[in-house]
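Visitor: Here's a sequence, model it:
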Amino acid sequence: MERSARVCLGVIVGAKGLRGEVRIKSFTEDPADVGSYGPVTASDGRSFKVTVVGAAQGVVIAKLAGIADRNGAEALKGTELFVERSALPAAADGSFYHADLIGAEVRLTSGEVLGRVSALHNFGGGDMMEVGEGRSSVLIPLTSEAVETLDVAGGKVVVRPIPGLLGGESDEGGEKDETDVKHGQ
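Guide: Residues are numbered from 1 along each chain as shown. Next up, the predicted model:
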């Protein structure tokens, strides 16, 4: 699976105050790190230096160079902020960047293809893979109970059809397997 040259560090979710500050939903492990890897770029090619000035209600508050008022900040709502992959440190052993899992093929242990990872989310209860698109997508928890094999480098995920995961009972009976997720190389 080919990796993207850029990684999304966060998205601007709104303005804060009158002096051009923005609220950023950060996708970095430490939310304040959204400004730590140098200038970020938007999809349209604009580049911004991000200075984190605070945090509030699950977002970071930041000042973007060149944005001086609320109107400028509001116009950026929905803008994704990217950094070149080369600016990021290598992922530690046993971990990975979420961006590296996007596009991975997802199969059941029976071999049936479910689809591809289209997004990763964390709504407060742990990481979830979104497999598929739109109304036909399904959310699968990134836990050892649901995921048998996670091969990020190979772009493959094998999922156990545990009860309730896909809207019905499991096809495979037996006890829960409490082993850790196996990470492929």
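
Visitor: From here on, just use CA atoms for contacts and neighbour counts.
Guide: Will do.

Visitor: what's the domain layout of this structure?
Guide: The chain breaks down by automatic domain parsing into domains covering 6-86, 98-183.

Visitor: By mean pLDDT, show me the worst of these.
Guide: Mean pLDDT is lowest for domain 98-183 among the domains of the chain, at a mean of 78.

Visitor: Asp30 - how many residues pack around it?
Guide: Residues within reach of Asp30, counting by other Cα atoms under 10 Å, total 8.

Visitor: got the contact list for it?
Guide: Applying Cα atoms under 8 Å, 6 or more residues apart in numbering, we find Asp30 in contact with no residue.

Visitor: For it, grab phi and psi.
Guide: Dihedral angles of Asp30 (phi, psi; degrees, to the nearest 10) stand at phi -100, psi 110.

Visitor: Point out the most buried one among the domains of the chain.
Guide: domain 6-86 (a mean of 18; mean count of other Cα atoms under 10 Å).

Visitor: And that one, end to end?
Guide: 8 Å (Cα to Cα, to the nearest Å).

Visitor: Likewise for stretch 71-83?
Guide: Using Cα to Cα, the end-to-end distance of stretch 71-83 comes to 25 Å.

Visitor: Check stretch 20-29 too.
Guide: From its first residue to its last, stretch 20-29 covers 25 Å (Cα to Cα).

Visitor: And for stretch 145-164?
Guide: For stretch 145-164, the end-to-end distance is 12 Å (Cα to Cα).

Visitor: Helices of the chain, residue ranges please.
Guide: Assigned by DSSP state H, the chain shows helices spanning 70-74.

Visitor: for it, what spans make up the strands?
Guide: When assigned using DSSP state E, the strands of the chain occupy the ranges 6-16, 21-26, 40-41, 47-48, 50-56, 59-64, 80-84, 105-108, 113-122, 127-131, 138-141, 147-151, 156-159, 182-183.
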